[in-house]
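>>> Need the 3D shape of this:
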Amino acid sequence: MNIKLNSGREIYLESIWQHQTYRSLISGIPNDEMNQSYIENNMRDALEKMNAECTYLVPPIFLELENIDKSIEEYKDAIRLPYITCFAQFESSVLDGDERSHGSWLTIVWYQDDYSMPIDDVVLEHIKLIDWESKAEGFEL
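The predicted structure is shown next:
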């Protein structure tokens, strides 16, 4: 899969990893604190699984939980991330002014309610806005 960024740079999907966002949730209801912890853990996992040195988070859209009575005290802060966590390594040509590298790459983390492919339209539009020159890093073969 190739994506043309708004800057004109073309990036391509090298690898992708996906899992259910709340796969390890045994009990309880997601809330902001829990979701922030999930995001931090997923950012670390993305670095490890993709053997990356830099990651970029597409800011997630938090969603209301269905069938939750928010008048119950323990559920008043209930909110969820989209159901599927995705992280993918994208590659492109050499960064501007980088004469040592052979290409550039960036691991991007995002959330959507269905497994990709395709990448959710809102996420894809955000990816197209990424300033590749400042977020990606060069690599040598």
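>>> If you count residues, where's the longest helix of this structure?
As assigned by DSSP state H, the longest helix anywhere in the chain is helix 32-49.
>>> in this structure, which spans are strands?
Ranges of strands in the chain, per DSSP state E, are 2-4, 10-20, 55-57, 84-92, 103-112, 137-139.
>>> From the chain's centroid, how far away is the second one?
A distance of 9 Å separates the centroid of the chain from that of strand 10-20, by CA atoms, centre = their mean, to the nearest Å.
>>> Buried residues in that strand, which are they?
Within strand 10-20, the residues that qualify as buried are 11, 13, 16-17, counting by 16 or more other CB atoms under 10 Å. To be clear about C-beta, it is placed using only N, CA and C from the backbone, and glycine gets the same treatment.
>>> Of those residues, just say which sits nearest to residue 88.
The shortest gap between residue 88 and any of the buried residues of strand 10-20 belongs to residue 16, at 4.1 Å (CB to CB).
>>> Give the bridge partners for that closest one, please.
residue 88 (DSSP bridges).
>>> List the contacts of it.
86-89, 116 (CB atoms under 8 Å, 6 or more residues apart in numbering).
>>> Pull out the buried positions in stretch 20-27.
In stretch 20-27, counting by 16+ other CB under 10 Å, buried: 21-22.
>>> Next one: the nearest residue to residue 106 once chain neighbours are set aside from residue 105, what distance?
Distance criterion CB to CB, 6 or more residues apart in numbering; nearest residue to residue 106, sequence neighbours excluded, is residue 136 at 4.0 Å. Using CB to CB, to the nearest Å, one gets 6 Å for the distance from residue 136 to residue 105.
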